[in-house]
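**Q** generate coordinates for the sequence data below:
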Amino acid sequence: VGAVLRETYELTAVLGRGGMGAVYVAKHLRLPGKWVAVKVIEDAGAGEDARKRFRREAEIAAHLNHPNIVEVLDYDTLPDGTQFLVLELLRGESLG
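**A** Numbering: from 1, shown residues only. Got it, this is the predicted structure:
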């Protein structure tokens, strides 16, 4: 929280954590009032297979368009190898 990715997405809160990383609420710095979710693989040393799967997830999800699937807005890799996926932020209650 507090990090800025690619001078565009400021991570403001953790939405959840999983085995490979975390999902954050982020403020879009160039589009005032725009909020997104950012999924980050936190282990930059993740194996090549994991990195390829994450990239493939981004590419496949970006082509899906359905009201019950979160929209993929962006994908990038930081200089240290950390990959992230930018998704639409949905507000609501936990399914848990």
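**Q** same for the helix or strand Lys52 falls within, what does it pack against?
**A** Per DSSP states H and E, Lys52 falls inside helix 48-62. The contact analysis (3 or more C-beta pairs under 8 Å, 6 or more residues apart in numbering; DSSP states H and E) places helix 48-62 against strand 35-41, strand 72-77, strand 83-88. Every C-beta, even on glycine, is put in place using the N, C-alpha and C of the backbone.
**Q** relative to Arg17, which of those strands is closest?
**A** The closest of these to Arg17 is strand 35-41. By C-beta to C-beta, the value is 10.2 Å.
**Q** mind checking the pLDDT average for that closest one?
**A** When pLDDT is averaged along strand 35-41, the result is 95.
**Q** so what touches that strand?
**A** 5, 9, 11, 15, 20-28, 50-51, 54, 70, 73, 82-90 (C-beta atoms under 8 Å, 6 or more residues apart in numbering).
**Q** go through it and flag the buried ones.
**A** For strand 35-41, a neighbour-count test (16 or more other C-beta atoms under 10 Å) marks 36-41 as buried.
**Q** between the residues you listed, which is nearest Leu78?
**A** Val40 (9.0 Å).
**Q** for the closest one, give the beta-bridge partners.
**A** Ala22, Phe84 (DSSP bridges).
**Q** so for Val4, what's the pLDDT?
**A** On the pLDDT scale, Val4 gets 96.
**Q** residue contacts, it?
**A** 10-11, 29.
**Q** from Trp35, how far out is it?
**A** As judged by C-beta to C-beta, to the nearest Å, Val4 and Trp35 stand 15 Å apart.
**Q** next: Glu48.
**A** On the measure of C-beta to C-beta, Glu48 and Trp35 end up 32 Å apart.
**Q** repeat for Lys27
**A** Using C-beta to C-beta, which is the criterion applied here, Lys27 is 6 Å from Trp35.
**Q** for the protein, what helix or strand is lowest in average pLDDT?
**A** None of the helices or strands of the chain scores lower by mean pLDDT, DSSP states H and E than helix 48-62, at a mean of 88.
**Q** how far off centre is that one?
**A** Counting by C-alpha atoms, centre = their mean, to the nearest Å, helix 48-62 is centred 12 Å from the centre of its parent chain.
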